[in-house]
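**Student:** Okay, predicted coordinates and the sequence, questions at the end:
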Amino acid sequence: MSDVLELVEARLRTALGEPDARAAVTFLGTDRIEVLRFVDDGVIRYATLGMSAHPMADPTAVLADPLRGPRAELVLSVRGGRADTGKVLRPLAVLAASPQVEGVIVMPGASLDVGEPLWPGAAFTSVLVAAPGGLVEDLALDEPLEPVRFLPLLPMTPNEAAWKRVHGAEALEERWLRNGTDLRDPLRKGVPLDD
């Protein structure tokens with residue numbers, strides 16, 4: 001499926017420009033996951049490359065379909081120069097490998113937790129998977145392959161993640177919007193949740 005990854009990288013370059021850095025991580029029993037870094041006007045975007053090589057499979061299925069099933073890559077955007085976000089490469093690769101390792105299907109509204117700060121000093125240990133289509137358009141593939149979706153990740157504090165489990169992703173996104181939360185700020189505090 002390297003041809004799929006070539007198309008994915010071409011789409012990322014078209015949407016985000018040339019990457020200024022890339023790193024590769026391989027976990028036991030999984031394919032290699034790369035994380036590309038793009039910098040544009042003070043915003044750093046980290047995009048995974050490798051998650052979409054295979055479709056995500058329903059963990060309850062007896063046999064995984066090698067062709068059919070959702071495909072995705074992850075994109076995280078943060079403001080540059082405020083924190084050492086370069087250390088997010090490994091946690092991002094862990095999240096991108098989760099469909100292969102844990103058999104999960106990553107989709108909008110899902111929470112993904114790495115169990116440790118996303119980067120040194122970060123208040124975030126998890127992310128909310130947002131709806132695709134805004135930053136990088138879906139990449140159509142030849143039938144019967146499903147399109148590759150580029151899913152934005154929104155960092156969550158542990159309190160926000162707990163609140164989201166009770167009230168849902170849409171309610172948390174509304175709360176962020178109502179409070180004017182800068183979701184790209186790597187040093188932001190959690191949104192007020194008690195009113």
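**Tutor:** Cool, got the structure.

**Student:** For the protein, give me the ranges with low pLDDT.
**Tutor:** Along the chain, the parts satisfying pLDDT under 70 run over 1-2, 59, 62, 195.

**Student:** Would you map the strands across it?
**Tutor:** Applying DSSP state E to the chain gives strands spanning 21-25, 33-40, 43-49, 71-79, 111-113, 126-129, 148-156.

**Student:** For the residue positioned nearest the centre of the chain, give its distance to A93.
**Tutor:** Nearest to the geometric centre of the chain sits L74, at 3.0 Å (C-alpha atoms, centre = their mean). Computed as C-beta to C-beta, to the nearest Å, the L74 to A93 distance reads 10 Å. (Glycine included, C-beta is placed from N, CA and C.)

**Student:** cool, G69 as well?
**Tutor:** Counting by C-beta to C-beta - G69 and A93 are separated by 21 Å.

**Student:** the more surrounded of the two?
**Tutor:** The residue with more neighbours, out of G69 and A93, is A93; 26 against 18, by other C-beta atoms under 10 Å.

**Student:** Against P147, how distant is the more buried one?
**Tutor:** To P147, A93 is 22 Å away according to C-beta to C-beta.

**Student:** Quick check: chain neighbours aside, which residue is closest to P152?
**Tutor:** Nearest residue to P152, sequence neighbours excluded (C-beta to C-beta, 6 or more residues apart in numbering): A130, at 4.2 Å.

**Student:** Would you mind listing the residues in contact with that neighbour?
**Tutor:** P108, L151, P152, L153, L154, E173 (C-beta atoms under 8 Å, 6 or more residues apart in numbering).

**Student:** Those residues into JSON lines, with extra columns for distance to T60?
**Tutor:** As requested, these are arranged in JSON lines below (distance: C-beta to C-beta, whole Å):
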{"residue": "P108", "distance to T60": "21"}
{"residue": "L151", "distance to T60": "22"}
{"residue": "P152", "distance to T60": "27"}
{"residue": "L153", "distance to T60": "25"}
{"residue": "L154", "distance to T60": "28"}
{"residue": "E173", "distance to T60": "29"}
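
**Student:** wait, which of those residues is closest to A24?
**Tutor:** Closest to A24 out of the contacts of A130 is L153 (19.2 Å), distances taken as C-beta to C-beta.

**Student:** that older thread, report the buried members of the contacts of A130.
**Tutor:** Buried by 16 or more other C-beta atoms under 10 Å: L151, P152, L153, L154, E173, out of the contacts of A130.

**Student:** Once you drop chain neighbours, what's closest to G109?
**Tutor:** Using C-beta to C-beta, 6+ apart and skipping residues adjacent in sequence, the residue nearest G109 is A169, 4.1 Å away.

**Student:** wait, isn't that neighbour in contact with L112?
**Tutor:** No. The criterion here is C-beta atoms under 8 Å, and A169 misses it with L112 at 12.0 Å.

**Student:** Which residue ranges of this protein form helices?
**Tutor:** In the chain, the helices defined using DSSP state H lie at 2-16, 89-102, 158-167, 169-178.
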